[in-house]
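Engineer: need coordinates for the below:
(2 chains)
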2 protein chains.
Amino acid sequence: MSYDAKANDMPDHSKFDNVFVDPQAYHSFLETGTWPDKTMIVLEGRQARSRGSINLRGHYQGTQVTGFEVHVKDESRFPGKWAFFDFDSPTSNGTLIPTKASCYSCHADHAAVDTTFVQFYPTLLPIAEKKGTLSAAYIKEEAASAAAK
Amino acid sequence: MSYDAKANDMPDHSKFDNVFVDPQAYHSFLETGTWPDKTMIVLEGRQARSRGSINLRGHYQGTQVTGFEVHVKDESRFPGKWAFFDFDSPTSNGTLIPTKASCYSCHADHAAVDTTFVQFYPTLLPIAEKKGTLSAAYIKEEAASAAAK
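Structural biologist: From the prediction side, this is the model:
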């Protein structure tokens, strides 16, 4: 998936986005519908392969990791509660992405729960709906989208 | 992904295949490169969505589960050690798929490790390679594929 309208400069290189969260935060979300302090979410990009073994159509995940970023909630450390970190390698420290970067405003303006894109995680979205933790911005946007159809 | 050459009868309905394994079997695989007795692997089909929220290209997973099957290893129960079960619903018992079904022969002839398609799971395949647990059929097939390029 992608939120860029234009194809990137390698149109034949599609990829998978895998998202991982620490188990403690995940279990807390199941109970509350939102993320506790100290939540860590990792976005891993992974090469998509299409021809291999018996696969004939569609894509499967290859062994090449194309990059990763971390989204951390630390209420006492970050003014906006959350921060993004970029990593060049799995063995070195990450770099704090400045709060003026578009990822912060996009997550604030469009994400379903607590600046995270729970709308793309089908087992978590119904929990947020049930617990009433959807953001006002998301509810408004979904209502506008439904009205336009 | 799909191993059917023909598109299905709903070409606009792409889907995701999610595979889950019980944690005990997973941790055993990390140590040994293969599956212990009583391993349970679940294949879940899930609706792929493309238009929603800020997504502009590619697909993300929707809330609709399109079906699931279970692959069980029980050496004392199944003559071929493994069996497949089909499920109509998550709350009823599964149905044993007869051993003459093509899933058994295809998994036996093409799967990388112990009749399971580890070649499509990028974090497990390198472990199997390192532990020397790749099937003879898979090694032969990959060698033939490499020679043909």
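
Engineer: C-alpha from now on. contacts and neighbour counts both.
Structural biologist: Will do.

Engineer: from A:Val19, how far out is the nearest residue to A:Gly67 once chain neighbours are set aside?
Structural biologist: Spatial nearest neighbour of A:Gly67, excluding adjacent residues (C-alpha to C-alpha, 6 or more residues apart in numbering or on different chains): A:Gly45 at 5.3 Å. Distance check for A:Gly45 against A:Val19: by C-alpha to C-alpha, to the nearest Å, it reads 9 Å.

Engineer: so which strand or helix has A:Glu129?
Structural biologist: A:Glu129 is located in helix A:125-131, with elements delineated by DSSP states H and E.

Engineer: list the contacts of that helix.
Structural biologist: A:Leu30, A:Thr32, A:Gly33, A:Thr34, A:Val113, A:Val118, A:Gln119, A:Leu134 (C-alpha atoms under 8 Å, 6 or more residues apart in numbering or on different chains).

Engineer: at 7 Å what do you get?
Structural biologist: Here helix A:125-131 makes contact (C-alpha atoms under 7 Å, 6 or more residues apart in numbering or on different chains) with A:Leu30, A:Thr32, A:Gly33, A:Thr34, A:Val118, A:Gln119, A:Leu134.

Engineer: looking at those, which are in strands?
Structural biologist: Within these, no residue falls in strands by DSSP state E.

Engineer: next, count neighbours for A:Arg49.
Structural biologist: By the criterion of other C-alpha atoms under 10 Å in any protein chain shown, A:Arg49 has 20 neighbours.

Engineer: thought it was touching A:Gln64?
Structural biologist: No - assessed by C-alpha atoms under 7 Å, A:Arg49 is found out of contact with A:Gln64, at 9.9 Å.

Engineer: so A:Gly45 and A:Val19 - more neighbours on which side?
Structural biologist: Higher neighbour count among A:Gly45 and A:Val19: A:Gly45, with 18 against 14, using other C-alpha under 10 Å.
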